[in-house]
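Engineer: Sequence isn't available, so here's the structure alone:
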């Protein structure tokens, strides 16, 4: 399979049936020819997540240069970047284990449009990442659930407990990482269903940063959350990537969720992520997401 714009053809091989593809024979850099980059964009919007192996030539600056082709870079709002770069380093020895389904930084009103992740240190086994297609998840909802989803809004917050899913809650610096992550509380109100500004698809905006659905009590919110999350994370709707050092994964953060499996114990794992500025989501009836004061009830 190939993505073609004008005379540019990329060697693209699907990794799973509904999401994810590997791009072969491409050397990533900030100097990609415009038509090559356009073909890559086209492939990303189609497959939602792309994988490129053998990119050991990329250093931090090279990763940033490639990311700038996609738009303005944004730092994480609470976790400091690595050594003054735009890169968020996720180091397993310092709490960087996000083993829960999420879309990056949805507690911001204009959360990132694209995330680009580079494998720096990878254990010999374990530490895979899994992505889910939130556009297809919406498409496959029964009509009655689509009607409900179209009307729902949720509060997203960075007040998330990174130790909650750990067998040993304080292992690998989870508590300290949480303290840094939540040092400044940030909240936003998003529609459960947003209209993708490029593809026009309807995608589900969910994941572990949801605190509650507006207008519903805690019990009902939890049930609604699980209902829609179960549709998003069905195995048929996912792709799993086995990392090698030098791999790069890039995903459409407006149409996916992901989960980094925490199954590698004390082995060392380091990945570095750069994110590209996003846009404020728009609901199916044209309303825009809103910034929310953390003190609001």
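Structural biologist: Nice, thanks for sending it over. Keep in mind it's a predicted model, so treat the numbers as computed, not measured.

Engineer: ranges for the helices of the protein?
Structural biologist: In the chain, the helices defined using DSSP state H lie at 34-47, 60-68, 134-139, 143-151, 174-181, 218-232.

Engineer: which stretches of the stretch 51-200 of the chain have low pLDDT?
Structural biologist: Within the stretch 51-200 of the chain, the stretches with pLDDT under 70 are 80, 96, 160-183.

Engineer: in it, which spans are strands?
Structural biologist: Shown for the stretch 51-200 of the chain, the strands assigned by DSSP state E, counting those that start in this stretch span residues 73-74, 88-91, 114-121, 129-133, 153-157, 187-191, 193-195.

Engineer: Ranking the ones you listed by mean neighbour count, which comes first?
Structural biologist: strand 129-133 (a mean of 26; mean count of other C-beta atoms under 10 Å). Glycine gets a C-beta too; all of them are placed from N, C-alpha and C.

Engineer: Would you mind listing the outside residues contacting that strand?
Structural biologist: Residues outside strand 129-133 that contact it (C-beta atoms under 8 Å, 6 or more residues apart in numbering) are 18-20, 48-49, 101, 117, 232-233, 237-241, 243, 249, 251, 255-261.

Engineer: circling back: could you save the helices of the chain as TSV and add columns showing mean neighbour count and distance to residue 200?
Structural biologist: What follows is the helices of the chain, written out as TSV (neighbours: other C-beta atoms under 10 Å; distance: least, C-beta to C-beta, whole Å):
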stretch	mean neighbour count	distance to residue 200
helix 34-47	18	10
helix 60-68	18	25
helix 134-139	22	10
helix 143-151	13	15
helix 174-181	17	33
helix 218-232	16	19
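
Engineer: Could you identify the buried members of the contacts of strand 129-133?
Structural biologist: The neighbour-count test (16 or more other C-beta atoms under 10 Å) marks 18-20, 48-49, 101, 117, 232-233, 237-239, 241, 243, 249, 251, 255-260 as buried among the contacts of strand 129-133.

Engineer: Which of the residues you listed fall in strands?
Structural biologist: Residues of the buried ones among the contacts of strand 129-133 located in strands (DSSP state E): 49, 117, 238-239, 241, 249, 251, 256-260.

Engineer: Between all of those residues, which two are separated the most?
Structural biologist: 117 and 238 (16.6 Å; C-beta to C-beta).

Engineer: Now for residue 123: which residues touch it?
Structural biologist: Residues near residue 123 by C-beta under 8 Å, 6+ apart: 264, 267-269.

Engineer: tell me which of the residues you listed is nearest to residue 158?
Structural biologist: Among those, and counting by C-beta to C-beta, the member closest to residue 158 is residue 269, at 22.6 Å.

Engineer: what's the distance between that closest one and residue 130?
Structural biologist: Residue 269 is 15 Å from residue 130, where distance means C-beta to C-beta, to the nearest Å.

Engineer: One more: residue 222?
Structural biologist: Residue 222 is 23 Å from residue 130, by C-beta to C-beta.
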